[in-house]
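Asks: got a predicted model here, sequence first, then my questions.
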Amino acid sequence: MYSYWEKQDWFEHYEFVIVGAGIVGLTTAYYLNKYCPGNKILVIDRHFIPSGASTKNAGFSCFGTVGEILDDLETVSRQEVINTIRLRWNGLNRLKEIHTPDIIEYMNRGGYEVFTEEESFEFCLDKVTEVNDIMEEAIGISHVFKIEDCLWSNKLVSRCISNALESELNPVRMIKNLITMLRKSHNIDFLFGLRLNKEQFNYEGKHIRISKDMNIAYEKLMLCTNAFSGDLINELDLTPYRNQVIVSEVLQNVPFSGTFHYDKGYVYFREIHGRLLIGGARNIDPATERTSEFGSNLLIIEELKRFAAEIILQKEVKFDFQWSGIIATGSSKKPILKSVNDHTFLAARLGGMGVAIGSELAWELTEKVIA
């Protein structure tokens, strides 16, 4: 049973309830607090600490590679590709407006697309001018992609495609910084470790049933649950996919700096605190990785270790950390932003680009909610 005090101060009526304490949910709370000051806001998350894709990604501040963009052009229009890139770019700019770079370990060391086959490199090389034109139309900057030497591994093609605008960050520092800023406001509450299912939501009655004798009432509800949104809303064009990430022991020498992409972005790696971080490769076992369950895939982990040993470092190394994160994809790379009804809103399906898209999607959600 709950006390009088608990019912008064924990389960009171809120103007805004946000489910999901990832980058979209927390940034939405940030904007709602900024533009609706004093309104009561509650942020709910299923984990004791935020543990979705927002804190389990590789910390890439990226917005597209030549190989990825060419792959997209095979299935969608040029304008849709431009819109996707612009959304990512705008999101990264919003992120930098909100966060002090040092706090989130934001570093601009450039990004690189690398190749193991000359044929794949030549295919992208022939299209660099075309993709640069797309980039200029999307973000207003010319010659984003350039050709550079790549001589630190003789297992890679000796040239690569660079992007000086790409950066990296610490995703947990980003989430912690958002929480720290929000906690300075006395009108914002958090409920961590509260797992909800769709039966607990009364969307028409505007309340969430927490227990048999307790509801949380609200005026407007925002679902910012990305890959887990299917647990709360039916019939979504959304497919969860799991990504594997591993981090090596501290190395005597890391022969590169920056962020790196391989195989149309399916494999990615970077240096972090003197270690090698490498992840992805879900495309070698997509059926198994099509899941919203955290867990290991030994086939993929062994492939990542092989790539690290044979291609990147050219020696065997020990890996100290391994985890998985869940992203959300669908028939389009455009995120889902919709009204479920006039007081319930959904923002999801960030396509593995939450760092880039998240802050912009949060802004668009805020505009929709307060319109």
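Replies: That came through, no problem.

Asks: hey, where'd the strands end up in the stretch 101-250 of the chain?
Replies: Under the criterion DSSP state E, counting those that start in this stretch, the stretch 101-250 of the chain contains strands at 111-113, 145-149, 159-163, 167-168, 188-192, 201-202, 207-211, 214-223, 239-248.

Asks: tell me the domain ranges of this protein?
Replies: 4-55+172-236+332-370, 239-329 (automatic domain parsing).

Asks: deepest of the ones you listed, which one?
Replies: Each of the domains of the chain was scored by mean neighbour count; the highest is domain 4-55+172-236+332-370, a mean of 19, by mean count of other C-beta atoms under 10 Å. Backbone N, C-alpha and C define where each C-beta goes, glycine included.

Asks: gap between the two ends of it?
Replies: Using C-alpha to C-alpha, to the nearest Å, the end-to-end distance of domain 4-55+172-236+332-370 comes to 32 Å.

Asks: for residue 288, which of the strands of the stretch 101-250 of the chain is the nearest?
Replies: strand 239-248 (8.1 Å; C-beta to C-beta).

Asks: packing partners for that closest one?
Replies: In terms of contacts (3 or more C-beta pairs under 8 Å, 6 or more residues apart in numbering; DSSP states H and E), strand 239-248 is packed against strand 275-280, helix 286-289, helix 298-307, strand 319-329.

Asks: how far off centre is the helix or strand just after it?
Replies: Reading on from strand 239-248 to the C-terminus, the next helix or strand found by DSSP states H and E is strand 259-262. How far strand 259-262 lies from its chain's middle: 16 Å, per C-alpha atoms, centre = their mean, to the nearest Å.

Asks: contacts for the helix or strand just after strand 259-262?
Replies: Per DSSP H and E, the first helix or strand lying C-terminal to strand 259-262 is strand 267-272. Applying C-beta atoms under 8 Å, 6 or more residues apart in numbering, the contact partners of strand 267-272 are 58-60, 168, 247, 254, 256-262, 276-281, 304, 307-308, 312.

Asks: distance of residue 133 relative to residue 82?
Replies: 10 Å (C-beta to C-beta, to the nearest Å).

Asks: no no, residue 115
Replies: Look at residue 115 and residue 82: by C-beta to C-beta, they are 25 Å apart.

Asks: what of residue 276?
Replies: Residue 276 sits 34 Å away from residue 82, going by C-beta to C-beta.

Asks: can I get the strands of the stretch 101-250 of the chain in a markdown table with distance to residue 48 and mean pLDDT?
Replies: Below are the strands of the stretch 101-250 of the chain laid out as a markdown table (distance: least, C-beta to C-beta, whole Å; pLDDT from 0 to 100):
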| stretch | distance to residue 48 | mean pLDDT |
| --- | --- | --- |
| strand 111-113 | 34 | 99 |
| strand 145-149 | 42 | 98 |
| strand 159-163 | 37 | 98 |
| strand 167-168 | 27 | 98 |
| strand 188-192 | 5 | 95 |
| strand 201-202 | 22 | 90 |
| strand 207-211 | 16 | 90 |
| strand 214-223 | 19 | 94 |
| strand 239-248 | 21 | 98 |
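
Asks: closest one to residue 74 among these?
Replies: Residue 74 lies closest to strand 111-113 among the strands of the stretch 101-250 of the chain, at 17.0 Å (C-beta to C-beta).

Asks: kind regards, and thank you for your time.
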